[in-house]
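S.K.: how would this look folded up:
(one chain, ligands or ions: 2)
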Amino acid sequence: MGRPIITPQEMVAAEQAVFKAGTNSFDVMTRAGTAVAEFLHARWPEGKVQVLCGPGGNGGDGFIAAARLAKLWRDVEVFCLVEKSALTGDAAKAAALWEGEVQPLEQALEAPHAIVLDALFGGGLSRPLEGIAAALAERGGRVVSVDVPSGIDGLTAKPLGPCFRAEGTITFAGLRPAHLLQPGASYCGLVAAADIGIPVQSQAFENSPMLWAGVMPRPGEDGYKHQRGHLKVVSGPASATGAARLSATAGLRAGAGLVTVMSPPGAMTVNASHLTAVMLQVFDGAGDLETAAKQAQVMVIGPAAGITPATRANVEALLKSNARILLDADALTVFDSAPASLFKRLRPHDIMTPHMGEFKRLFGDLADTAVNKIEVARKAAQTAGCVVLLKGADTVIAAPDGRAIVNTHATPWLATAGAGDVLAGLIAGFMAQGMPTLEAAAMGAWVHGEAGRRVGAGLISEDLERHVPDILSALHGEIA
Ligand SMILES: NC(=O)C1=CN([C@@H]2O[C@H](COP(=O)(O)OP(=O)(O)OC[C@H]3O[C@@H](n4cnc5c(N)ncnc54)[C@H](O)[C@@H]3O)[C@@H](O)[C@H]2O)[C@@H](O)CC1
Ligand SMILES: [K+]
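M.R.: Ligands and ions are numbered 1, 2, ... in the order given. Sure thing, here's the model as predicted:
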């Protein structure tokens, strides 16, 4: 299914439910600590391990991991923020399993080691690290963290103050927002989620082909192009046509049967001189677009459309048609003074794909008031009444019904002119073939990220579409 995302608070509730039903909480901690040791030992197999234990459950996992690592013949030293005798509950039971010495945390600063196991605090931390814990966080070195890097708020994905920067993080049951959202994710390194027998339910998932492979569009053996959907992309004026063509070509690569660029009369020549498989149709005003939308499954408007009253009228006309609409860039910005007039027209199967700048123009301070980016996108989707894909290193896609998908399958090289136009085209191309909007957006973000990774350094947006056939072939289990 892809890994579920739960908040630290939801994790506590899930644990409590399982404990209430009779599962022994120390058995669960034992599974957690054992998973920690195995994660560390498998990926960092050599060198002395310095285990830093906090006063609560996170420290408990650390003691169990230390005992297990010693059984695996690892050289281990344990340091604790509090006296062993001050530990209570499961953490005290865990500490009792560690037969070696427990040194005060201060002594860890100078002690020789190769790898640090950071078991100071979990994702529920609510105040900044102080004193020796803060000094250890700032020391650097090779760190493996339990649950989250200590000092990071698992819910908001923000550092509370000084925090550890890990090469790897092992958490339990599902992922926390901090493992995927920035800036927290950049402190986590490689993230594993161990099954410790706590079932979790969530409406938020890490993007993975497993989420949408079942509804991936695929042409039938006896299919023809008209069954694969018609996508139409609205072009800007003569001096700004490239963005629409990037979207259109990506839509064709995504598999839409027919793709048409809708061109203003003055841009026909320049569009015609650059298009081959993509078709071209003239439009002169909003009425023409509304008519054209009757012969389309999906319309894309926004890439270089122009921040003009005409663009606004075009969007309003398209939203009267039965086609699903993808709104990007200028099609969003033209509503910055009257977002409600856009929101009342949008339907649950439409989609907008803003970056943070465009988002803030439409949704104001929502981006700063919601607890994290997943909630930001969720609230925006509810407010706008359509699917919202909020771009970034951590792209969040949310539907009005509360489902959310976080895509981190990407590369910073994608932060370049035109990459968003390609993303819009891919999503619209999948939608044109009948894929539900949320899943089409998740697949679009994933394929886009994978294409970006395959190009790597030096990427320009024109490079992306060439990689789409191999990526789709692999997703369909065919040899490219
Ligand atoms: N039985 C369970 O509940 C399980 C818990 N697990 C582990 O337990 C962790 C959660 O345990 P806890 O809820 O005890 O949380 P923590 O282990 O993060 O410890 C919180 C404790 O630290 C104190 N504290 C908070 N901020 C501090 C600061 N800046 N300086 C000094 N002290 C501070 C708090 O007052 C509280 O006593 C998870 O992260 C996970 O590693 C796992 O073992 C799975 C099972
Ligand atoms: K930790």
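S.K.: contact partners of the one helix or strand Leu326 maps to?
M.R.: Secondary structure assignment for Leu326, by DSSP states H and E: strand 324-327. By Cβ atoms under 8 Å, 6 or more residues apart in numbering, the surrounding residues in contact with strand 324-327 are 297-302, 315, 318-319, 346-347, 349-353, 424, 427-428, 431, 437. In this view, the C-beta of every residue, glycine as well, is placed from N, C-alpha and C.
S.K.: next up, identify which helix or strand Ile427 is on.
M.R.: For Ile427, the host element (DSSP H and E) is helix 419-432.
S.K.: just to revisit the earlier point, what pairs with the strand holding Leu326, parallel or antiparallel?
M.R.: On the basis of DSSP bridges, the sheet neighbours of strand 324-327 come out as strand 298-301 (parallel), strand 351-352 (parallel).
S.K.: and Gly251, how far is that from ligand 1?
M.R.: As defined by Cβ to the nearest ligand atom, to the nearest Å, Gly251 lies at a distance of 44 Å from ligand 1.
S.K.: buried ones among the contacts of strand 324-327?
M.R.: In terms of neighbour count (16 or more other Cβ atoms under 10 Å), the buried residues within these are 297-302, 315, 318-319, 346, 349-353, 424, 427-428, 431, 437.
S.K.: what about ligand 1: which of those touch it?
M.R.: Applying Cβ under 6 Å from any ligand atom to the buried ones among the contacts of strand 324-327, one finds that nothing falls near ligand 1.
S.K.: in the stretch 251-400 of the chain, what residue is nearest ligand 1?
M.R.: Going by Cβ to the nearest ligand atom, ligand 1 is nearest to Asn372 of the stretch 251-400 of the chain, at 17.7 Å.
S.K.: burial check on that residue, number of neighbours?
M.R.: 24 (other Cβ atoms under 10 Å).
S.K.: quick check, pLDDT for it.
M.R.: If you check Asn372, the pLDDT there is 98.
S.K.: look up phi and psi at the closest residue to it other than its chain neighbours.
M.R.: Leaving aside its sequence neighbours, Asn372 sits nearest to Pro177 (Cβ to Cβ, 6 or more residues apart in numbering; 4.8 Å). Taking degrees, to the nearest 10, you get phi -50, psi -40 for the backbone angles of Pro177.
S.K.: could you do Ala119 as well?
M.R.: Recorded main-chain torsions at Ala119 are phi -120, psi 40, according to degrees, to the nearest 10.
S.K.: residue contacts, it?
M.R.: Taking Cβ under 8 Å, 6+ apart as the definition of contact, the neighbours of Ala119 are 36, 51-54, 58-59, 61-63, 65, 146.
S.K.: for Phe363, what are its contacts?
M.R.: Applying Cβ under 8 Å, 6+ apart, the residues near Phe363 are 339, 380, 383.
S.K.: the residue nearest to the last one when sequence neighbours are not counted: neighbouring residues, count only.
M.R.: Beyond its immediate neighbours in the sequence, the residue positioned closest to Thr383 (Cβ to Cβ, 6+ apart) is Phe343, lying 6.2 Å away. In terms of burial, Phe343 registers 18 neighbours under the definition other Cβ under 10 Å.
S.K.: how near is Phe343 to Asp75?
M.R.: Using Cβ to Cβ, to the nearest Å, Phe343 is found at 60 Å from Asp75.
S.K.: any figure for the gap between Leu136 and Gly100?
M.R.: Applying Cβ to Cβ, one obtains 19 Å for the distance of Leu136 from Gly100.
S.K.: so for these two, which sits in the more crowded spot?
M.R.: Relative neighbour count places Leu136 above the other of Leu136 and Gly100, with 27 against 12, counting by other Cβ under 10 Å.
S.K.: so which bits of the helix or strand where the more buried one lies are buried?
M.R.: Taking DSSP H and E as the criterion, the element that holds Leu136 is helix 131-139. In terms of neighbour count (16+ other Cβ under 10 Å), helix 131-139 has its buried residues at 132-134, 136-137.
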